[in-house]
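Asker: Please work out how this folds:
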Amino acid sequence: MLYRIVYYLFAPLLALVNGRQKVYNREKLPQGNYILVAPHRSLLDPPFLALAAYPKQFGFMAKQELFKNKLFAWLIKSLHAFPVDRKNPGMAAIKGPVNLLKKTELSTMIFPTGSRHSKKMKGGAFLIAKLAGVPIVPAVYQGPFQVKDLFTWKTRRQVAFGDPIYIDRKNKLTDEDQAALEAQLQSQFDALDAQINPDFKYDPSK
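Answerer: Residues are numbered from 1 along each chain as shown. Next comes the predicted model:
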């Protein structure tokens, strides 16, 4: 309920201050659960990607320290966050999303580079997709990267979704498979960025 309330409160407000968000290829989003995978460019990535895919709802991994305050813990749990020990993630970082995808109606969102200053992908998303039996959906966000820039109207929020990537649960994820999936994912990221704006170049310093 709180997730829906937040959507209906903030979507009109964001449209007022920055114009309506433009979404490309929304028809490519599959039925059922999936993992939305995108390059991490800003703290604004998660909410704007989630807004673009609504009414599908997402669960999020959040560092366990955020759950120490009972009121804040209730708030983020109501928005489908679940705790992960980032210092010692272990199998919890895999089992949490897998259980979420298999046992609930929530999808999840993963940024494979982990940081907006890195281009190197990590393989967790592919393993989670394989174990949960769900597709990976590539996505990119372009637009304001800082909250203050939302109010300038110089750049609008834009999200593009790519073709779902399916991973055969019967096959092992070898290093070669991993490299091929990473190349396929990066190729889709590049194509989606070009679809939105052929001249787009991401600058992590901004």
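Asker: residue closest to the middle of this structure?
Answerer: To find the centre residue of the chain, average its C-alpha atoms and take the closest one (Cα atoms, centre = their mean): that gives residue 109, at 3.4 Å.
Asker: Looks like it contacts residue 51 (just checking).
Answerer: No: using Cβ atoms under 8 Å, residue 109 and residue 51 do not qualify as a contacting pair, with a distance of 11.8 Å. C-betas here are computed from N, CA, C, even on glycine.
Asker: hmm, back to that, avg pLDDT for the helix or strand where the residue nearest to the centre of the chain lies?
Answerer: Residue 109 is part of strand 107-110 when elements are defined by DSSP states H and E. Over the span of strand 107-110, the pLDDT mean works out to 92.
Asker: and if you look at stretch 185-193?
Answerer: Taken as a whole, stretch 185-193 carries a mean pLDDT of 96.
Asker: List the buried residues for that stretch?
Answerer: 185, 188, 189, 192, 193 (16 or more other Cβ atoms under 10 Å).
Asker: Please state the offset of the helix or strand bottoming out on mean pLDDT in the chain from the chain centre?
Answerer: None of the helices or strands of the chain scores lower by mean pLDDT, DSSP states H and E than strand 81-84, at a mean of 78. The chain centroid and the centroid of strand 81-84 are separated by 15 Å under Cα atoms, centre = their mean, to the nearest Å.
Asker: In its sheet, which strands sit next to it, and in what direction?
Answerer: When pairing is defined by DSSP bridges, strand 81-84 lines up against strand 58-63 (parallel).
Asker: and the helix or strand following the strand it pairs with with strand 58-63, angle?
Answerer: On the C-terminal side of strand 58-63, the nearest following helix or strand under DSSP H and E is helix 70-78. Orientation check (axes from the mean of the first three to the mean of the last three Cα atoms, to 10 degrees): helix 70-78 against strand 58-63 gives 140 degrees.
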